[in-house]
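S.K.: Predicted model, plus sequence, below.
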Amino acid sequence: MALAVGRLPPQAAEDAGLLGRLVGLINDAYAIAEEGLWLTGVERTDLGQTYAALAAGRVLVGRVDGVLAGAVQTRDVEKSRVSFGTLAVDAAFSGRGVGSALVRLVEMDAAEVGARYT
């Protein structure tokens, strides 16, 4: 199993197929994780929100053997603080370290801009 993680370039927002796969991955992962907690059928994201995050360069993905397996969105809170949200892993890749690798990448990126744990 080859796991690769990285930040998608802003121009990835123009890839309609990728955009759709990301929206589906996020909504499917949250539907499983939040089953019984919220109303059935509530979506975590949509094409517009995901497009905006991609266009802003805030989406990191994990791929297993070249297949999209997970994603996370980041945002700068202030100069020394970074947050992330909508961490999602395709159920087919659960337990393979995709989520952990994405969080490590967020932490490394944050450290590069001077962010520290508080």
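M.R.: Yes, it's here.

S.K.: CA atoms for contacts and neighbours, from now on please.
M.R.: OK.

S.K.: Centroid-nearest residue for this protein?
M.R.: Residue closest to the mean C-alpha point of the chain, counted by C-alpha atoms, centre = their mean, is Val72 at 1.7 Å.

S.K.: Run through this structure and note the low-pLDDT ranges.
M.R.: 38-39, 77-79, 117-118 (pLDDT under 70).

S.K.: how about the helices in it?
M.R.: 16-33, 47-55, 98-112 (DSSP state H).

S.K.: how about the second one: buried residues?
M.R.: Residues 50-51, 53-55 are the ones in helix 47-55 that count as buried (16 or more other C-alpha atoms under 10 Å).

S.K.: what about the residue lying closest to Val72 once chain neighbours are set aside, neighbour count?
M.R.: Ranked by C-alpha to C-alpha, 6 or more residues apart in numbering and with sequence neighbours excluded, the top spatial neighbour of Val72 is Leu87, at 4.3 Å. Applying other C-alpha atoms under 10 Å, we find 20 residues neighbouring Leu87.

S.K.: can you start the count at 659 instead of 1 from here on
M.R.: In the new count, where the first residue is 659, that last one comes out as Leu745.

S.K.: give the contact list for Leu745.
M.R.: By C-alpha atoms under 8 Å, 6 or more residues apart in numbering, the contact set of Leu745 is 684, 728-731, 757.

S.K.: redo that, cut-off 10 Å
M.R.: By C-alpha atoms under 10 Å, 6 or more residues apart in numbering, the residues touching Leu745 are 684, 687-688, 717-719, 728-732, 757-758, 760-761.

S.K.: swap in Ala714?
M.R.: 666-669, 671, 708, 732-733.

S.K.: change it to 6 Å
M.R.: Going by C-alpha atoms under 6 Å, 6 or more residues apart in numbering, Ala714 touches Pro668.

S.K.: strands paired with the longest strand along the chain, and their directions?
M.R.: Ranked by number of residues, the top strand in the chain under DSSP state E is strand 725-736. The strands beside strand 725-736 in its sheet (DSSP bridges) come out as strand 717-722 (antiparallel), strand 739-747 (antiparallel).

S.K.: Can you give the contact residues for the first one?
M.R.: Applying C-alpha under 6 Å, 6+ apart, the contact partners of strand 717-722 are 660-666, 727-731.
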